[in-house]
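A.B. asks: fold the following.
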Amino acid sequence: MHIPIKFKETDRDKLYQFIQSYPLGTLINYSGKTLAADHIPFYLKNLANDKITLQSHIAKANSLWKTCTDGQDILLIFHGPNAYISPNFYPSKKEHGKAVPTWNYSVVHVKGRIYFKQDSSWTLQLLEDISNFYETIQTIPWSVSDAPESFIEKMIKAVVGLEVVIEEVVGNFKLSQNKTASDYAGVVSGLLNSELSSDTSVAKIMQKP
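C.D. replies: Numbers count the residues shown, from 1 in each chain. A predicted model of the protein is given here:
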C-alpha cells in the first residue's frame, strides 16, 4: 500500500483503537490457485503475555479453514468512513482556483499469520469476550449465559474459530493533513453540512486531536 508520509500512521495504540471502532475486516489470502476475500468482524484480544492477536469465527460451511493452512500469511484490511472532498470546501479556491477534488478515507492494513481453532472452550471464551465488549452500550447487555446452554453448544459446533497473529500493522489516514489550516477547517465544515452520514463521520474523525 502506497502511503504518503503525511498520512502514514504507525502508532499501534491508535491503530488498535481504530480496529476496535471498525472491526469488520476484509481477510485476503491466496490458496495457491486463486485470491479470496472474506468479510469478518474481529475482536482485538490482549493475551496474558501482553501479546495482541485478532480473533473471530466463521461458519464451518465457509471453506476458508480448508483452503487456508495454519500459519499461512494473510492480509487484513479495516476500513473507516470515507468521503468525497469538493474543491468548494477550500477557502483558497476562491483566491486562486488551484484546487481539484479528492477523497478522504482511513484504512488499516494488518499482515499476519492465521490459525484455526476447533476447541469448543476457546470458541466459547471468544463469544463471551465479543458480547461483553460490544454489549456494553445496551441498556440491558446480552450475555452468552442468556441463551440456553444446549443452544450455545449447537452454535459452537457449527463454527470454526480463527486467530491472526499480527506481524505488521500500518494505517493510511488521508484526512487533509496536507492542507492549510483554513482549508482543513473548510473541509470539516463542508462535511459536517453534508446530508451523508459517512461525510459527517469523516468530519468527526478529523475533529479529534
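
A.B. asks: just the buried positions in the host helix or strand of residue 169, please.
C.D. replies: Using DSSP states H and E, residue 169 maps to strand 159-174. Buried residues in strand 159-174, defined by neighbour count with 16 or more other CB atoms under 10 Å: 159-164, 166, 169-174. Just so you know, the C-beta spots here come from the backbone N, C-alpha and C atoms, and that holds for glycine as well.

A.B. asks: pull the contacting residues for the residue most central in space within the chain.
C.D. replies: Most central in the chain under CA atoms, centre = their mean is residue 78, positioned 3.0 Å from the mean C-alpha point. Residues near residue 78 by CB atoms under 8 Å, 6 or more residues apart in numbering: 18-19, 22-26, 107-110.

A.B. asks: so how do I select the buried members of those residues in ChimeraX?
C.D. replies: In ChimeraX, this line selects whichever of the contacts of residue 78 come out buried by 16+ other CB under 10 Å:
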select :18,19,22,23,25,107,108,109,110
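
A.B. asks: let's see which of the contacts of residue 78 end up in helices.
C.D. replies: With DSSP state H as the criterion, helices contain 18-19 from among those.

A.B. asks: return the member of the contacts of residue 78 nearest to residue 120.
C.D. replies: Minimum separation from residue 120 among the contacts of residue 78 (CB to CB) is found for residue 23, which lies at 23.1 Å.

A.B. asks: quick check: that closest one touching residue 41?
C.D. replies: Yes - under the contact definition of CB atoms under 8 Å, residue 23 touches residue 41, with a separation of 4.8 Å.

A.B. asks: any weak-confidence spans in the chain?
C.D. replies: Filtered on pLDDT under 70, the chain yields no residues whatsoever.

A.B. asks: now the longest helix that it contains and strand 159-174, what's the angle there?
C.D. replies: When every helix of the chain is counted residue by residue (DSSP H), the longest turns out to be helix 120-134. Between the direction of helix 120-134 and that of strand 159-174, the angle (axes from the mean of the first three to the mean of the last three CA atoms, to 10 degrees) works out to 40 degrees.

A.B. asks: on that earlier part again, quick one: the contacts of residue 78 as CSV, columns for distance to residue 137 too.
C.D. replies: Putting the contacts of residue 78 into CSV (distance: CB to CB, whole Å) gives the following:
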residue, distance to residue 137
18, 18
19, 18
22, 15
23, 14
24, 17
25, 21
26, 25
107, 24
108, 22
109, 28
110, 25
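
A.B. asks: strands - which of the contacts of residue 78 land there?
C.D. replies: Residues from those lying in strands, with DSSP state E as the criterion: 24-26, 107-110.

A.B. asks: mind jotting down where the helices sit in the chain?
C.D. replies: For the chain, the helices defined by DSSP H occupy 12-21, 64-67, 91-96, 120-134, 149-157, 181-192, 197-207.

A.B. asks: for those, which one sits closest to residue 47?
C.D. replies: Ranked by CB to CB, the member of the helices of the chain that lies closest to residue 47 is helix 120-134, at 11.4 Å.

A.B. asks: neighbouring contacts of the closest one?
C.D. replies: 43, 45, 55-57, 117, 141-144, 152-153, 156-157, 159, 161.

A.B. asks: what about residue 57, neighbour count?
C.D. replies: Using other CB atoms under 10 Å as the criterion, residue 57 is surrounded by 25 other residues.

A.B. asks: that one against residue 158, yeah?
C.D. replies: No - contact status for residue 57 versus residue 158: not in contact, 9.5 Å apart, counting by CB under 8 Å.
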